[in-house]
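1. The following comprises the amino acid sequence and a computationally predicted model.
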Amino acid sequence: MNKSVLLASMLLAACGGGGGYDGGGSGSSSAGLTYTVGGTVAGLNPGGTVVLQNNGGDNLSVSTNGPFTFPTALSYTTNFRVTVLTQPTGQTCTVASNQTGAYGGSNETSVAVTCR
């Protein structure tokens, strides 16, 4: 047998078989799986600022109506709890829906904050 053919055969045998893109492993890992928490603010007066808080930290100042997202992603094993830390001057804001929850397979975007 030609030495080149023998060497090539040995190298191919050492590579092992296929097994997909992940090197032949099976199953899936949830390590590193995270999600973000956010929603929408409505009714905030122009010039007002509400400070929202997730899980007693991760404060987020919001000064406009519309979508918001907390900057810190949570582990899929961590629940969320959104509260109002600081009210805007002359208004009261409440977390109207989806104040608490858990990882549902994707980012949470349905927390509703209403200011009056």
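-> Received the coordinates, thanks.
2. Any idea how many residues pack against Gly39?
-> 22 (other C-beta atoms under 10 Å). Where you see a C-beta, it was placed from the backbone N, CA and C, and this is true even at glycine.
3. In which helix or strand does it reside?
-> Counting by DSSP states H and E, the element that carries Gly39 is strand 37-42.
4. buried ones in whichever helix or strand comes after that strand?
-> Per DSSP H and E, the first helix or strand lying C-terminal to strand 37-42 is strand 50-54. Residues 50, 52-54 are the ones in strand 50-54 that count as buried (16 or more other C-beta atoms under 10 Å).
5. Please convert those to TSV, extending it with pLDDT and distance to Val113.
-> TSV is the format used below for these (pLDDT from 0 to 100; distance: C-beta to C-beta, whole Å):
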residue	pLDDT	distance to Val113
Val50	98	7
Leu52	98	7
Gln53	98	11
Asn54	98	12
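6. Identify, from those, the entry nearest to Gln91.
-> Nearest to Gln91 among the buried residues of strand 50-54 is Val50, at 7.8 Å by C-beta to C-beta.
7. On the pLDDT front, check the most centrally placed residue in the chain for me.
-> With distances taken as C-alpha atoms, centre = their mean, Tyr35 lies nearest the centre of the chain, 2.0 Å away. Looking at Tyr35, its pLDDT is 98.
8. That one contacts Leu74, doesn't it?
-> Yes. Counting by C-beta atoms under 8 Å, Leu74 is a contact partner of Tyr35 at 5.9 Å.
9. where does this protein have low pLDDT?
-> Confidence mapping of the chain against pLDDT under 70 gives the ranges 1-31.
10. what's the distance between Gly43 and Leu33?
-> Going from Gly43 to Leu33 by C-beta to C-beta, to the nearest Å gives 34 Å.
11. Enumerate every residue touching Thr83.
-> Residues near Thr83 by C-beta atoms under 8 Å, 6 or more residues apart in numbering: 52-53, 56, 95, 99.
12. what's the closest of those residues to Thr64?
-> Distances from Thr64 to the contacts of Thr83, taken by C-beta to C-beta, are shortest for Leu52, at 12.9 Å.
13. What residues are bridge-paired with the closest one?
-> Beta-bridge pairing for Leu52 (DSSP bridges): Leu60, Val84.
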